[in-house]
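A.B. asks: Provided below for reference: sequence and predicted model.
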Amino acid sequence: MIYFHISGIKKKKIVLLTHNNPDGDALGSSLALFLYLKTLNHDVDLISPTEFSHDFDWLPEITEIIVFSDTKKYLIEKKIMNSDYIFFVDFNNLSRIKHLEKICLSSKAKKILIDHHPLPLSFDFMLNDSNASSTSILVFRLISNMNNLDKIDAKIATCLYVGLITDTGYFRYPSVNAEAHFIAGKLMEKGIDIGFIHEHLQEKYHENRLKLLSIALEKLKIMKKYRTVYTNIEESDIRLCSYKKGYVENIVNYGLGIENMVLSVFFFEEKRQYPIRISLRSKGDFDVNLFSRKYFNGGGHKNAAGGLLKKNMSESIQYFVNIIRKHHKDIIVSI
Ligand code: 5GP
Ligand code: MN
């Protein structure tokens, strides 16, 4: 079992990798694991394949994350090649670390998955459970199974709590269970400052972010018959608003707030380049993970998923509308 390998008896070189555009759970769970493995005196590096939203700049030790860039490429590749273990945190498909996939596959390191998405690829060690509402829960379980709960300090607890609340929509999604609340309670005992965390996680309504949201809401299209709603942000919209990473997070959720809608989709063209990034949210039985795997080269969870299309914006939207019209009986089973 993996616990024996990382018990700290022998110092190991460990690389933690999280996914492109890491969200609250990806950052929270990987930072917590990073800090925990350091308490066991391992030589640990945490790598993000891309930059992330400034909303998380306040997270403990976030500046320790090595963010991939052309200048860091060599250093990162060297660390991956020389590591004993690589943890893949909060994703289960190497397409989500695109530019690092090849180097990871050529590294002789033992590969460990720690993730809560369904249908994972195979790894040397698997700590996966799609019933867990966040990867942070799995990091807590790992620490607990190693009998090391006393090593969770306020910093580690803060990171885990951020993962817990961001991946459950602040304890609102159906994925929330007794374990999530139990762990939240345990983390509170470690002295986290809930007020401080929520204050920092609240959406920062910079006027440019609001302007972008208003553009997206203006463009919202409702396909009433199919209980589907969608919108988009294009490169020309971004130029109007001096865009910062993170500004479009959450736009997809607004559509799902409309009465009777079961599917909300958001198309995003970050730069004048392909592909188009897609966010999908659903209610009830409509499985956007399977939908995105089938049509959008992506995946995720049953009610929250993402994907990519190698088309321009209008082609992407047309492609999507055609799928909904043609296959809605198969896909929107909850109608
Ligand atoms: P978001 O829409 O917030 O980017 O992503 C929603 C969920 O889908 C998250 O759990 C995220 O990890 C997952 N996800 C987003 N994009 C992709 C993708 O391209 N491939 C896969 N497999 N999952 C994705
Ligand atoms: Mn997650």
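C.D. replies: The structure has been received and is ready for your questions. Ligands and ions are numbered 1, 2, ... in the order given.
A.B. asks: which bits of the stretch 101-250 of the chain sit near ligand 2?
C.D. replies: Thr135, Asp167 (CB under 5 Å from the ion). Glycine gets a C-beta too; all of them are placed from N, C-alpha and C.
A.B. asks: and with 8 Å instead?
C.D. replies: Residues of the stretch 101-250 of the chain lying close to ligand 2 by CB under 8 Å from the ion are Asp115, His116, His117, Ser134, Thr135, Ser136, Gly163, Asp167.
A.B. asks: and which of those residues is nearest ligand 1?
C.D. replies: His117 (6.4 Å; CB to the nearest ligand atom).
A.B. asks: Now for Leu263: which residues touch it?
C.D. replies: 226-229, 256, 280-283, 286, 288, 324, 332 (CB atoms under 8 Å, 6 or more residues apart in numbering).
A.B. asks: Let me see the mean pLDDT of stretch 74-83.
C.D. replies: Averaged across stretch 74-83, the pLDDT comes to 98.
A.B. asks: ok, which stretches of the stretch 1-150 of the chain are strands?
C.D. replies: 13-18, 43-48, 66-67, 85-89, 110-115, 125-128 (DSSP state E, counting those that start in this stretch).
A.B. asks: Who does the last one pair with, and is each partner parallel or antiparallel?
C.D. replies: For strand 125-128, sheet partners with direction are given as strand 110-115 (parallel), following DSSP bridges.
A.B. asks: touching ligand 1 at all, the strand it pairs with?
C.D. replies: No - figure legend: strand 110-115 not in contact with ligand 1 (CB under 6 Å from any ligand atom); closest approach 9.1 Å.
A.B. asks: what's that strand in contact with?
C.D. replies: By CB under 8 Å, 6+ apart, strand 110-115 touches 2, 5, 29, 33, 84-92, 104, 120-121, 123-128, 135, 138-139, 142.
A.B. asks: what do you get for stretch 282-300?
C.D. replies: Contacts for stretch 282-300 (CB under 8 Å, 6+ apart): 93, 95, 117-119, 256, 261-264, 278, 280-281, 301-309, 319-320, 323, 331-334.
A.B. asks: again, but for stretch 176-195
C.D. replies: 131-134, 137, 140, 149, 152-154, 156-158, 160-161, 164-165, 168, 171.
A.B. asks: immediately after the helix or strand hosting Tyr254, which helix or strand?
C.D. replies: For Tyr254, the host element (DSSP states H and E) is helix 251-256. Note on helix 251-256: by DSSP H and E, the next helix or strand toward the C-terminus is strand 263-268.
A.B. asks: Okay, now the sheet partners of that next one, with direction.
C.D. replies: strand 228-233 (parallel), strand 276-282 (antiparallel).
A.B. asks: Go through the residues of the stretch 101-250 of the chain next to ligand 2 and single out the one with the most neighbours.
C.D. replies: Ser136 (35 neighbours; other CB atoms under 10 Å).
A.B. asks: correct me, but that one touches Leu164?
C.D. replies: Yes - Ser136 sits in contact with Leu164 when judged by CB atoms under 8 Å, with a separation of 5.1 Å.
A.B. asks: quick revisit: turn the strands of the stretch 1-150 of the chain into a markdown table, columns for distance to Ser314.
C.D. replies: Listed next are the strands of the stretch 1-150 of the chain as a markdown table, based on distance: least, CB to CB, whole Å:
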| stretch | distance to Ser314 |
| --- | --- |
| strand 13-18 | 33 |
| strand 43-48 | 32 |
| strand 66-67 | 33 |
| strand 85-89 | 35 |
| strand 110-115 | 35 |
| strand 125-128 | 38 |
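A.B. asks: Mean neighbour count, these: which tops it?
C.D. replies: strand 85-89 (a mean of 26; mean count of other CB atoms under 10 Å).
A.B. asks: How far off centre is that one?
C.D. replies: From the chain centre to the centre of strand 85-89 is a distance of 15 Å (CA atoms, centre = their mean, to the nearest Å).
A.B. asks: Quick check: residues of the protein near ligand 1?
C.D. replies: Going by CB under 6 Å from any ligand atom, the residues of the chain near ligand 1 are 23, 93, 96, 279, 298-301, 304-308.
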